[in-house]
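Student: The sequence and its predicted three-dimensional model are supplied below.
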Amino acid sequence: MTKKEYFDLIDSTFSEVRRLVEAKNADYTASSDDPFANFRLSTLEGVQPEVGLMIRLQDKLQRIRSFMRSGMLSVANESAEDAVNDIIGYCLILKGMMAESKICNETNKTI
């Protein structure tokens, strides 16, 4: 793969991940204005939203580990590439949650 091919892959992946995150966000948050609404539900079980996200992230990493070991996945409609895109999406969600937390913390400090 050339550098150009690699950076083209990055561009297309981020476009694809954005579409994926937007679609899943609409499904999982019931089109709420809160983009993290589904992760916040983990607090009902005593789990911080970021921790809940990390658990879901570990599930995706485990799928990739399984794929790397066996070269195949049992769920026919989800590829290893799909798992990678989900991981990228989860990392972007986590970044958003961290940015929100920083903003909230800064706001609380000034009050």
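Tutor: Ah, there it is.

Student: Could you list every helix and strand that whatever helix or strand Glu22 lives in packs against?
Tutor: Taking DSSP states H and E as the definition, Glu22 sits inside helix 3-28. Applying 3 or more C-beta pairs under 8 Å, 6 or more residues apart in numbering; DSSP states H and E, one finds that helix 3-28 makes contact with helix 80-110. C-beta here means a position set from N, CA and C on the backbone, and glycine is covered the same way.

Student: Quick one: work out the angle between the helix it packs on and helix 3-28.
Tutor: Using axes from the mean of the first three to the mean of the last three C-alpha atoms, to 10 degrees, the inter-axis angle of helix 80-110 relative to helix 3-28 is 70 degrees.

Student: Summarise which helices and strands helix 80-110 is packed against.
Tutor: Under the contact definition 3+ C-beta pairs under 8 Å, 6+ apart, helix 80-110 sits against helix 3-28, helix 49-70.

Student: Leaving out chain neighbours, which residue sits closest to Leu57?
Tutor: Closest residue to Leu57 in three dimensions, ignoring its sequence neighbours and counting by C-beta to C-beta, 6 or more residues apart in numbering: Tyr90, at 4.7 Å.

Student: How about the contacts made by the spatially most central residue of the chain?
Tutor: Using C-alpha atoms, centre = their mean, the residue of the chain that lies closest to the mean C-alpha position is Tyr90, 1.3 Å off. Listed by C-beta atoms under 8 Å, 6 or more residues apart in numbering, the contact set of Tyr90 reads Leu53, Arg56, Leu57, Lys60.
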